[in-house]
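Undergrad: coordinates only, sequence not included:
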């Protein structure tokens, strides 16, 4: 008869222990974001300035590391970076040391951007490019309102007409509008207020002194945000100079001389 072998297993476990693993990382954000724009090569050259702050409640210091900052076109306009969005530019800062509550020196970069994208741009610090972070940092900045290079100020005579030039360096926008800054009736001297290149002709009262007019030239970008350039027109009065001819002087006592001429 076969014998059966019984095996005895003894299992013992240690008491349960709980430990806390501190995930000490900086907590970064953008501060003092400033953006300006100028017309260039049929696009807008954006000059972007910003600072990076490590939150006062941050559990760690950002130590001797540069920060990689991305500029994204927010295609679906949800304020977050996702697969639908387009990477526009990348900027890497100098090496930073930020203790909790500290703010970096101003960082800056420029990028030539399609005018159609300017209304929906995100400044982003992505975790995948900055291993010290837990999450992406998104900043939706307002599109720049002032813009340079759309046209130029000029001087003209009160009787001359002049078509305001629109440079090839400027992009094509969805709308244009001229408004008077001073005097209030300045748009009366433009052939139209809703075109890029109106013709200027002063048609007011006769000038005796120089007249300065100031306009706000506004363009509307794709997606609706707008930018404005200030334009100054100096109108000079027309002057007329008459120089009388030198009169012939004849001496009445010199009749012999006169007879000789005749």
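TA: Nice, I can see it. Fair warning: this is a prediction, and the values are worked out from it, not measured in the lab. Numbering: from 1, shown residues only.

Undergrad: how close does the nearest residue to residue 175 once chain neighbours are set aside sit to residue 172?
TA: Nearest residue to residue 175, sequence neighbours excluded (C-beta to C-beta, 6 or more residues apart in numbering): residue 220, at 3.7 Å. Yep, even glycine has a C-beta here, placed from its N, CA and C like the rest. When C-beta to C-beta, to the nearest Å is the yardstick, residue 220 and residue 172 sit 11 Å from each other.

Undergrad: just to revisit the earlier point, quick check: the residue nearest to residue 175 vs residue 238, distance?
TA: Noted for residue 220: a distance of 37 Å to residue 238, by C-beta to C-beta.

Undergrad: Tell me which of those two has more neighbours.
TA: Neighbours around residue 220 and residue 238, counted as other C-beta atoms under 10 Å, are more numerous at residue 220. The numbers are 15 against 12.

Undergrad: Now do the same contact list for the more buried one.
TA: Under the criterion of C-beta atoms under 8 Å, 6 or more residues apart in numbering, the contact list for residue 220 reads 173-177, 226.

Undergrad: Same question for residue 136.
TA: With contacts taken as C-beta under 8 Å, 6+ apart, residue 136 has the following neighbours: 80-81, 124-127.

Undergrad: helices or strands up against the helix or strand where residue 138 lies?
TA: Under the criterion DSSP states H and E, the helix or strand holding residue 138 is strand 137-140. For strand 137-140, the elements it packs on are strand 28-40, strand 121-125, judged by 3 or more C-beta pairs under 8 Å, 6 or more residues apart in numbering; DSSP states H and E.
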